[in-house]
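> Sequence plus the predicted model coming up.
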Amino acid sequence: MNPGTNGARLPSGSRSRPVSSSSVPQKLVSAPVARLEGRVRAPGDKSISHRALMFGAVTVGETTIEGLLEGEDILSSAAALRLLGADVVRLGDGAWRVRGVGVGGFREPPDVLDMGNSGTSARLLSGLIASHAFTSFMTGDASLRRRPMLRVIEPLSRMGARFVSRDGGRLPMAVTGAPTMMPIEYRLPVASAQVKSAILLAGLNTPGETTVIEPEPTRDHTERMLEGFSAAVRTRALDDGARAITIVGQPELAGNRHIVVPGDPSSAAFAVVAAAVRPGSDVTVENVGINPTRAGLYETLREMGAALSFENRRVMGGETVADLRIRGGALKGIDVPPDRAPSMIDEYPVLAVAAAVAEGTTRMQGVAELRAKESDRLASVAAGLQANGVRFEIGADYLHVQGGAVPGGGLVATHLDHRIAMSFLVLGLAAQSPVAVDDGSPINTSFPGFADMMNDLGAKITNA
Ligand SMILES: O=C(O)C1=C[C@@H](OP(=O)(O)O)[C@@H](O)[C@H](O)C1
Ligand SMILES: C=C(OP(=O)(O)O)C(=O)O
């Protein structure tokens with residue numbers, strides 16, 4: 001059986017998808033290889049794909065999308081938007097069409113909104129439905145049901161929506177929207193593009209101006225794409241270095257847009273790190289988004305000594321993309337500045353793999369937010385390093401990894417976390433003995449075809 005395609009489910013027509021918790025665990029193993037070589041294309045950007053579907057759904061008219069990521073997280077958003085009344089149709093490979101209902105036009109969903117494994121779906125959709133005067137019920141898989149929702153419940157409640165959740169603000173929860181929302185000015189207590197986006201999306205259907213202040217810049221795809229739909233969004237720098245993003249509530253978004261989704265830098269990261277840690281490798285990942293709010297890993301790898309170049313830079317649908325060429329060689333450990341975290345928040349697990357192979361110690365600081373992802377990523381990474389003979393030191397908000405020769409040979413628990421699965425499969429190709437992961441099925445949430453792509457480059461990832 002081919003591990004890259006097994007388990008990837010594509011939607012047909014308007015059927016809603018089965019819950020992802022029914023996925024069958026799939027043990028995978030990655031064997032050491034000498035070098036990687038070739039040109040590949042990263043799958044569509046997950047953040048941009050969610051937004052393309054959601055913003056298309058609140059537009060009057062037709063949005064067409066090219067290069068949409070067809071991972072399970074995006075299918076969760078698509079299924080929820082259908083339940084809310086949007087017409088979301090897959091036309092072909094990565095080509096989708098959304099006929100929207102207009103701002104404020106959702107209907108009461110006839111079933112529970114199952115967000116599967118996807119925090120982005122849960123939080124952004126909470127913002128979108130908060131301004132609709134009906135009650136929705138939202139849940140997710142065992143991983144998502146552990147993740148914090150108070151961070152959106154709190155600001156959206158201030159705007160007028162009501163929530164009933166499990167203890168500590170966990171899913172499942174019921175959301176009752178307010179027919180007329182109140183605009184707020186809200187300073188983000190954690191650097192989170194999901195929270196920022198939830199508030200801005202609620203603000204879209206709120207009279208007046210809603211402002212989010214972010215102390216550190218987070219990914220700005222929401223702002224860019226809303227502007228592409230002619231929404232009135234302003235960003236200004238504040239004296240203390242923070243930035244304020246203001247949206248003006250409005251009755252309609254301009255329709256009939258065509259969105260081209262660039263490749264996902266967070267997915268490209270796996271091939272890039274894999275090549276970086278195998279001397280003699282020469283890999284190009286084409287068509288990768290290099291928006292500066294996403295590119296922190298690439299800056300970090302360069303500081304570690306990686307031979308990485310951005311070729312053929314161009315602008316695609318408001319986002320800069322490039323072909324990333326990486327040649328393998330020696331890496332050295334560095335201190336990763338904490339203020340870089342938002343621009344590489346999903347890349348720390350695979351950075352830890354590069355750090356395990358590099359010479360010296362890599363210190364990742366100010367990364368407590370990793371504990372709120374699909375798994376507690378600091379703990380999951382630490383356990384995976386431990387199982388494979390890599391030395392490290394862990395604290396509440398830091399991880400220091402001691403690099404060198406990696407014994408490997410371990411079995412890593414992925415805890416329903418796609419990035420833990422993919423990162424440790426990358427470690428296997430640079431270790432002395434194969435590395436196994438107990439369950440690779442979550443990879444389908446963000447990167448169906450991961451194993452095929454890696455194997456095309458020379459990796460040896462197989463079913464165990
Ligand atoms: O807005 C987005 O699309 C995302 C924001 C980040 O989450 P946070 O906002 O919780 O940091 C990131 O980890 C996630 O993969 C996608
Ligand atoms: C954290 C992630 O996604 P989400 O929050 O959407 O589940 C991720 O993809 O690493």
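That came through fine. Residues are numbered from 1 along each chain as shown. Ligands and ions are numbered 1, 2, ... in the order given.

> Could you use CA atoms for every contact and neighbour count after this?
Noted.

> so what are the domain limits for the chain?
20-45+263-463, 46-259 (automatic domain parsing).

> could you redo those as CSV and give each row mean neighbour count and mean pLDDT?
Listed next are the domains of the chain as CSV, based on neighbours: other Cα atoms under 10 Å; pLDDT from 0 to 100:
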stretch, mean neighbour count, mean pLDDT
domain 20-45+263-463, 21, 97
domain 46-259, 21, 97
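
> nearest to ligand 2, of those?
Ligand 2 lies closest, by Cα to the nearest ligand atom, to one member of the domains of the chain: domain 46-259, at 3.6 Å.

> Next, see if the closest one gets close to ligand 1.
Yes. Domain 46-259 reaches ligand 1 (Cα under 6 Å from any ligand atom) through Ser47, Thr120, Ser192, Ala193, Gln194, Val195.

> Among those, which ones lie close to ligand 2?
Restricting those to those near ligand 2 by Cα under 6 Å from any ligand atom leaves Thr120.

> for Val212, phi and psi?
Reported as degrees, to the nearest 10, the phi and psi values for Val212 are phi -110, psi 130.

> Contacts only, for it.
Counting by Cα atoms under 8 Å, 6 or more residues apart in numbering, Val212 touches Glu185, Tyr186, Arg187, Leu188, Lys196, Ile199, Leu200, Ala244, Ile245, Thr246.

> Spell out which two among those are the most distant pair, please.
Pairwise distances across those peak at 13.5 Å for Leu188 and Thr246 (criterion: Cα to Cα).

> coming back round to it: including secondary structure and distance to Pro338, could the contacts of Val212 go into a markdown table?
Output for the contacts of Val212, formatted as a markdown table (DSSP: H, G, I helix; E, B strand; the rest coil; distance: Cα to Cα, whole Å):
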| residue | secondary structure | distance to Pro338 |
| --- | --- | --- |
| Glu185 | strand | 26 |
| Tyr186 | strand | 23 |
| Arg187 | strand | 20 |
| Leu188 | coil | 17 |
| Lys196 | helix | 20 |
| Ile199 | helix | 25 |
| Leu200 | helix | 26 |
| Ala244 | strand | 21 |
| Ile245 | strand | 23 |
| Thr246 | strand | 26 |
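
> Return the closest of those with respect to Thr218.
Checking the contacts of Val212 one by one against Thr218 (Cα to Cα), the nearest turns out to be Lys196, at 8.6 Å.

> For that closest one, which non-adjacent residue is closest in space?
Of all residues not flanking Lys196 in the chain, Val212 sits nearest, at 6.3 Å (Cα to Cα, 6 or more residues apart in numbering).

> Bridged to that neighbour, which residues?
Note on Val212: beta-bridge partners by DSSP bridges are Tyr186, Ile245.

> Now for Val350: which residues touch it?
Counted by Cα under 8 Å, 6+ apart, Val350 has contacts Ala269, Phe270, Val273, Arg419, Ile420, Met422, Ser423, Phe424, Val426.

> what separates it from Gly428, distance-wise?
Relative to Gly428, Val350 is positioned 12 Å away (Cα to Cα, to the nearest Å).

> where do the helices sit along the stretch 101-250 of the chain?
119-129, 150-158, 193-204, 221-228 (DSSP state H, counting those that start in this stretch).

> Name the residues that touch the helix or strand hosting Ser47?
Using DSSP states H and E, Ser47 sits within helix 46-57. For helix 46-57, the surrounding residues in contact (Cα under 8 Å, 6+ apart) are 62-63, 65, 68-69, 74, 77-78, 81, 86-88, 98-102, 120-121, 125, 221-222, 225-226, 255, 259, 261, 264, 446.

> And Val367, how far from ligand 1?
Relative to ligand 1, Val367 is positioned 11 Å away (criterion: Cα to the nearest ligand atom, to the nearest Å).
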